[in-house]
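In: Give me a model of this one.
(one chain, ligands or ions: 2)
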Amino acid sequence: MKNFNYYAPTQVVFGRDTESKVAELVKKYGGKKVLVHYGGQSAIKSGLLAKVEKLLGEAGIDYVMLGGVKPNPRLSMVRKGIELCKQEGVDFLLAVGGGSVIDSCKAISSGRFYEGDVWTLYEHKDHATQYLPIGCILTIPAAGSEMSDGSVITNDEVEGWLKKDYCVNEFRCKFAIMNPELTFTLPAWQTACGITDMMMHTMERYFSKDDDMETTDAIAEAVLRTCMTEGHKVMQNPTDYTSRANIMWAGTLAHNDLTGCGTTGDWATHMIEHELSGMFDVSHGAGLASVWGSWARYCREENMPRFARFAHNVMGIDTNSMTDLEAAEAGIQAMEKFFASIGMPTNIHTLIGKEVTEQQMVEMADKCTNGDTLIIGGLKPLKKADIVKIYEMAK
Ligand code: NZQ
Ligand code: ZN
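Out: Residues are numbered from 1 along each chain as shown. Ligands and ions are numbered 1, 2, ... in the order given. Below is the predicted model of the structure:
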């Protein structure tokens, strides 16, 4: 097993009515002037925002509001947030929403005291040294940003847009409030995108060259099986508390590094997808489903027994009489069948509703590898030409 450093400092407050604790938690982590950051309409319609305002007001905590975060959160909104924090003397960020709102908060956190342009951090050209603390009330289990160290931002100020991440431990939320009831209002599409994203966070860590982390593998396989069984239940009955709760907790465990202890992981599918959602503004989870099968077929020879194990332990296939290649293919097909069963696209045409052009595939592969200077993927190292091939297989 590889050496690892597991760091998960976020206080998780999970269950019914836990949002009632928001003021208490903000105070506990030193917030006196809060920026409440949120998305479009969902938190207004559900009454959650009004509840948060009431609770902060009653506790005597001063706050300012900033809504309008879009999925694939934009750099232009991050800049607004940074300015507002400076003007208002904000000392704590509260994200009310999903991965996009939390990631926007993280970017504001890193840009608040940084003297240069915040995008420089996402270009990995510098590191901020001071950050604002963040807490969140999660309304969609998907991205895992509530406990992760990452933030993904879309630069909407450049031609063709660019989606990039910045990862530091300071981005880990001080607390994450998770009430599964708050996810009852999620549309089927967003629920399915979330299930796909959390499964992919687990699979990105699972499909590596390593084979000696049985504890981690067993956790990962349980998370994946749970996502499928509870995922089907939730798709059929969106207000089933138990299934929503299981999915919500799975989404957090999938991306708080627990399923990656002792492995190197891969992450190519995520990088390949970020170019799709950067260029076509599609949902991240759906983008992942559209390319994973092609990635898996392109890379599986690097560790075929692991794909065979996945087919048996996760997809429940009787692989006894199969070669590793046959088992691997059966496992990949079963995974694609599951994605399709919850309404996810398994190719790019279905994802974007039109043919992706050769030029677009080359452009995405170019951005993904920073002009063919970066090699991506822990399982099979991929260059620009490999990524073009994967887009072609997935188109
Ligand atoms: O804007 P509103 O009206 O709130 O609607 C949102 C949004 O349209 C809606 N929604 C959220 N909670 C709801 C709800 N609708 C009804 N009821 C509720 N309870 O759902 C839509 C999607 O929200 P979003 O926050 O975009 O979803 P998600 O959590 O999937 O986040 C996706 C973003 O996270 C990034 C992705 O790239 C993408 O930009 N990721 C962040 C990661 C991280 N920070 O660690 C890792 C991931 O791999 C991912 O890249
Ligand atoms: Zn993801």
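
In: Every contact and neighbour count from this point should use C-alpha atoms.
Out: Fine.

In: Distance of the residue of the chain most remote from its centre relative to Gly331?
Out: Distance from the C-alpha centroid of the chain, by CA atoms, centre = their mean, peaks at Ser321 (36.8 Å). Separation of Ser321 from Gly331 (CA to CA, to the nearest Å): 14 Å.

In: got the contact list for the helix or strand hosting Ile108?
Out: Element membership for Ile108 (DSSP states H and E) is helix 99-111. With contact meaning CA atoms under 8 Å, 6 or more residues apart in numbering, helix 99-111 is reached by 37-39, 69-74, 77-79, 81-82, 93-96, 117-118, 128, 130-134, 136, 140, 142-146, 150-153, 171.

In: And for stretch 209-228?
Out: 1, 195, 199, 202-203, 206, 246-247, 250, 253-254, 258-265, 302-303, 306, 310, 313-315, 338, 378-379.

In: Tell me how far the residue positioned nearest the centre of the chain lies from ligand 1.
Out: Geometric centre of the chain, nearest residue: Ala143, 2.4 Å, by CA atoms, centre = their mean. Look at Ala143 and ligand 1: by CA to the nearest ligand atom, to the nearest Å, they are 4 Å apart.

In: who in this protein is up against ligand 1?
Out: 39-43, 70-73, 97-101, 103, 139-140, 142-145, 148, 150-152, 182-183, 185-186, 190, 194, 284 (CA under 6 Å from any ligand atom).

In: please redo it, this time with the cut-off set to 5 Å
Out: 39-42, 71-72, 98-100, 139-140, 142-143, 145, 148, 150-151, 183, 185-186 (CA under 5 Å from any ligand atom).

In: Looking at the stretch 251-395 of the chain, what residue ends up closest to ligand 1?
Out: Ligand 1 sits closest to His284 of the stretch 251-395 of the chain, with a gap of 5.3 Å, by CA to the nearest ligand atom.

In: related to what we said a few turns ago, in PyMOL, select just the buried ones from the contacts of helix 99-111.
Out: The buried residues among the contacts of helix 99-111 can be selected in PyMOL (16 or more other CA atoms under 10 Å) with this line:
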select buried, resi 37+38+39+69+71+72+73+74+77+78+79+81+82+93+94+95+96+118+128+131+132+133+134+136+140+142+143+144+145+146+150+151+152+153+171
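
In: ok, which stretches of the stretch 1-150 of the chain are helices?
Out: 22-28, 42-45, 48-58, 75-88, 99-111, 119-122 (DSSP state H, counting those that start in this stretch).

In: Am I right that Ala142 is in contact with Ala192?
Out: No. Applying CA atoms under 8 Å as the test, Ala142 and Ala192 come out as separate, 9.0 Å apart.

In: and for these two, which residues touch both?
Out: Joint contacts of Ala142 and Ala192 (CA under 8 Å, 6+ apart) are Gly285.

In: so where's the stretch 251-395 of the chain uncertain?
Out: Low-confidence segments of the stretch 251-395 of the chain (pLDDT under 70): none present.

In: where exactly do the helices run in it?
Out: Taking DSSP H, counting those that start in this stretch as the test, the helices found in the stretch 251-395 of the chain are 268-280, 284-299, 304-313, 324-341, 348-352, 358-368, 384-394.

In: The first one to helix 284-299, inter-axis angle?
Out: For the pair helix 268-280 and helix 284-299, the angle between their directions (axes from the mean of the first three to the mean of the last three CA atoms, to 10 degrees) equals 130 degrees.

In: just use 16 as the starting number from now, easier for me
Out: Okay, residue one is now 16; in that scheme the one you just asked about reads as helix 283-295.

In: Touching helix 283-295 from outside, list them.
Out: With CA under 8 Å, 6+ apart as the criterion, helix 283-295 contacts 87, 169, 175-179, 219, 297-299, 302-303, 306-307, 310, 367, 379-380, 382-383, 391-393, 402.
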